Structure formats: C-alpha cells, structure tokens
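*Asks:* Let's see this in three dimensions:
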Amino acid sequence: MWNKNIQTFIGLEASFDEAECVIFGAPMDSTTSYRPGTRFASSSMRQESFGLETYSPYQDKDLEDIKVFDGGDLELPFGNPRKALDIIKVTTKTIIKANKLPCMIAVSYTHLTLPTIL
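*Replies:* Residues are numbered from 1 along each chain as shown. Just a heads-up that it's a prediction; the model follows:
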C-alpha cells in the first residue's frame, strides 16, 4: 500500500505487510483558531521520538517488539478541511480493511479524529 517513510517514529522499521499497527501523520492547519503551525506536529513528534526509550518498565514491554509501520504524512489540501477529512477517513478505512490498527499523529484532535471513528 505505502512505501516506508524516510523518517520513522522511534526508528520503527516494519514493512506495511508485516505490521500490526500503521502510523500516519495528518498535518492540518485549516481548523486552527489561534496560532498556525499544527501541520508540523507529526514531523516534530517523529524527530523528538528519538529521545524516548522504547522500553516501558511500567508495562514491562518494548515498543520494538510490536510490528509498526510508519507511512509518513498524508498530503492534505490546505484550506479545504472537508476534503482533508475525507482523505483521513479513506486512509483509516484502508488500514482497518488490511486488519491493522491505525494510529494517527495529529494535533487538531477535534476535527481530525472525527473521520477516524466514522
């Protein structure tokens, strides 16, 4: 379905076919009311994720034991939130139909989570 993203979240390296979970970014500023820049969140989260440890002593689990594919950011149209939400919805459905858990990286949660739950 997708090619692997060049910059991955915490270096997760699974292919789409072997993944249990698929991460994708939804960079969108269209619904920001105060300070634009939320479209850079998914890229920034990937960059900063390398400062995190993959092992959680609280859960006694390591993130690297889970097969996760990072598909990169979606190409969302600026200034057209309806079309952007449609693209997110189609992407989420595609991931679910492939029997994988979708994980969207976004900041404008109110408007971006709607298409992922419909």
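*Asks:* So in the chain, where's the weakest helix or strand by average pLDDT?
*Replies:* Lowest by mean pLDDT, DSSP states H and E among the helices and strands of the chain is helix 109-112, with a mean of 56.
*Asks:* quick one: the strands in this structure?
*Replies:* 21-25, 55-56, 61-62, 68-73, 101-105 (DSSP state E).
*Asks:* And the nearest residue to residue 19 once chain neighbours are set aside, how close does it get to residue 83?
*Replies:* Spatially, and ignoring its direct neighbours in sequence, residue 19 is nearest to residue 69 (3.6 Å; Cβ to Cβ, 6 or more residues apart in numbering). (Each C-beta comes from the backbone N, C-alpha and C, glycine too.) Distance of residue 69 to residue 83, given as Cβ to Cβ, to the nearest Å: 25 Å.
*Asks:* Next: residue 105.
*Replies:* Taking Cβ to Cβ, one finds residue 105 at 20 Å from residue 83.
*Asks:* in this protein, what spans have low per-residue confidence?
*Replies:* Applying pLDDT under 70 to the chain flags residues 1, 3-5, 11, 29-40, 107-118.
*Asks:* Show me the residue sitting in the middle of it in space.
*Replies:* The centroid of the chain falls nearest to residue 24 when counting by Cα atoms, centre = their mean (2.6 Å).
*Asks:* What's opposite residue 102 in the beta bridge?
*Replies:* On the basis of DSSP bridges, residue 102 is bridged to residue 22.
*Asks:* Spit out the contact partners of it.
*Replies:* Residue 102 makes contact with 21, 22, 24, 91, 92, 95, 96, 116, according to Cβ atoms under 8 Å, 6 or more residues apart in numbering.
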